[in-house]
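A.B. asks: 3D, please:
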Amino acid sequence: MELTPAEAKAIATAAYIFLTPLVSNYVDMYDEAIVPASRRCDGGFGRWLRRRTSPTTEGDLAAAHPTWLHSSAWLDLRSEPWVVAAPPMEAGQVGILRITDLWGFLVDEPTDGRRADRVLVASPGWMGEVGTGIDRVARGESSFVQTETWIGTFEPGDLSDAHHRRQDVELAPLSELRGVAAPVGGPPVEWLPVDWGVRTDNRFWSAANFALSLTRPNEQDRSIYERIGEIGIGDGRRWEASHFDDRVLEAIGEGMDDAITELMRASATVADARPLHRSRVDTDRDYFGRALGALQRRSVVHAESG
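C.D. replies: Residues are numbered from 1 along each chain as shown. This is a model prediction of the structure:
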């Protein structure tokens, strides 16, 4: 049975909200790790991208908020895990280590930097031996993840110690740490070119289908996968506007516009986005909260990078 315009519009709204974190993170990964010409790319996967941020408050309150040195790196986990090791912070410093998958899920409980931390980051299907010297294993729902560190200091006039501490954070593939030959790498990926403009036109659906191929579907989302499949969304599928008649295609666009309006309106009222960055267990099927968290996080990170 063919979709009515009203059905297509409702499905498109739900699909856009559900897929916003995935598409947003794929766009960022493409910009930061895949396109050498991008000013935000610093060598590809497994390379730190460094930023500095300032306190968000002014006057006397600024003294209670650290200046942050932010580092992030995208990891390709298809052939082997990577290990990220953060040293304990010194007096007057604070540190945060956070690892997220392409859905934006926290795949490891963020740490506070009070003790040394050594985390093995693995793909969803990795079944190898962890070995010694690893505190825990983190894995999400995609074979590409982002690891981030924040080193904070309450002495913004002297960042030398914080810079040294940031340099002490280790990031390496597991084979390198074990001193063995690296496994055969994953097959070349024919990346879909994207930019942030995809969020406002039909390229969004093509980006979503491609990004879905980089993830492992979760059973919790079965019902929405079945629903959005009715407008051509799914891993391995090619989204084509020509598959829909003009009325349904127009309705899909209207559904996207409604979702964007709803998210922008809600985003303007968020005072603290931290509760929106959560694990799969914490979010369950709170698709709107997940989308809102992705947009909030992106606005903060892009403000940091200028």
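A.B. asks: Could you list the domains of the protein?
C.D. replies: As given by automatic domain parsing, the domain ranges for the chain are 5-30+194-305, 49-178.
A.B. asks: Kindly check the end-to-end length of the shortest one for me.
C.D. replies: The straight-line separation of the ends of domain 49-178 (Cα to Cα, to the nearest Å) is 25 Å.
A.B. asks: What is the distance between it and the centre of its chain?
C.D. replies: Its chain's C-alpha centre and that of domain 49-178 lie 14 Å apart, by Cα atoms, centre = their mean, to the nearest Å.
A.B. asks: about what we covered before: got JSON lines for the domains of the chain, with mean neighbour count and mean pLDDT too?
C.D. replies: Every C-beta, even on glycine, is put in place using the N, C-alpha and C of the backbone. What follows is the domains of the chain, written out as JSON lines (neighbours: other Cβ atoms under 10 Å; pLDDT from 0 to 100):
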{"stretch": "domain 5-30+194-305", "mean neighbour count": "17", "mean pLDDT": "89"}
{"stretch": "domain 49-178", "mean neighbour count": "18", "mean pLDDT": "80"}
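A.B. asks: so which of those comes closest to Pro188?
C.D. replies: With Cβ to Cβ as the criterion, Pro188 lies closest to domain 49-178 of these, at 10.9 Å.
A.B. asks: The nearest residue to Asp168 once chain neighbours are set aside: what's it in contact with?
C.D. replies: The spatial neighbour of Asp168 that comes closest, neighbours along the chain excluded (Cβ to Cβ, 6 or more residues apart in numbering), is Pro87 at 4.7 Å. Taking Cβ atoms under 8 Å, 6 or more residues apart in numbering, we find Pro87 in contact with Ala116, Arg165, Asp168, Val169.
A.B. asks: Next, find the distance separating the first one from Leu171.
C.D. replies: It refers to Ala116. Distance, Ala116 to Leu171, using Cβ to Cβ, to the nearest Å: 15 Å.
A.B. asks: Likewise for Ser223?
C.D. replies: 38 Å.
A.B. asks: swap in Ile233?
C.D. replies: 34 Å.
A.B. asks: now Glu250
C.D. replies: Counting by Cβ to Cβ, the separation of Glu250 from Leu171 is 47 Å.
A.B. asks: quick one, strands of the stretch 151-300 of the chain?
C.D. replies: 170-173 (DSSP state E, counting those that start in this stretch).
A.B. asks: any chance you could map the helices in it?
C.D. replies: 160-167, 174-178, 203-212, 222-228, 246-267, 280-283, 287-305 (DSSP state H, counting those that start in this stretch).
A.B. asks: measure Val184 to Glu80 for me?
C.D. replies: 10 Å.
A.B. asks: What of Asp28?
C.D. replies: 23 Å.
A.B. asks: next one: Phe144
C.D. replies: Taken as Cβ to Cβ, the span from Phe144 to Glu80 is 13 Å.
A.B. asks: repeat for Glu109
C.D. replies: Relative to Glu80, and taking Cβ to Cβ, Glu109 is found at 23 Å.
A.B. asks: on that earlier part again, quick one: which of the helices of the stretch 151-300 of the chain is nearest Gly104?
C.D. replies: helix 287-305 (5.0 Å).
A.B. asks: which ones are touching the closest residue to Thr283 other than its chain neighbours?
C.D. replies: Distances taken as Cβ to Cβ, 6+ apart place Arg290 nearest to Thr283, at 5.4 Å, with adjacent residues excluded. By Cβ under 8 Å, 6+ apart, the contact set of Arg290 is Thr20, Pro21, Trp103, Gly104, Leu276, Thr283.
A.B. asks: quick one: the lengthiest helix in the chain to helix 203-212, angle?
C.D. replies: The residue-count maximum for a helix in the chain (DSSP state H) belongs to helix 5-29. Taking axes from the mean of the first three to the mean of the last three Cα atoms, to 10 degrees, one finds that helix 5-29 is oriented at 60 degrees with respect to helix 203-212.
A.B. asks: Show me what helix 5-29 packs onto, helices and strands only.
C.D. replies: Helix 5-29 makes packing contacts with strand 144-153, helix 203-212, helix 222-228, helix 246-267, helix 287-305 when contacts are defined by 3 or more Cβ pairs under 8 Å, 6 or more residues apart in numbering; DSSP states H and E.
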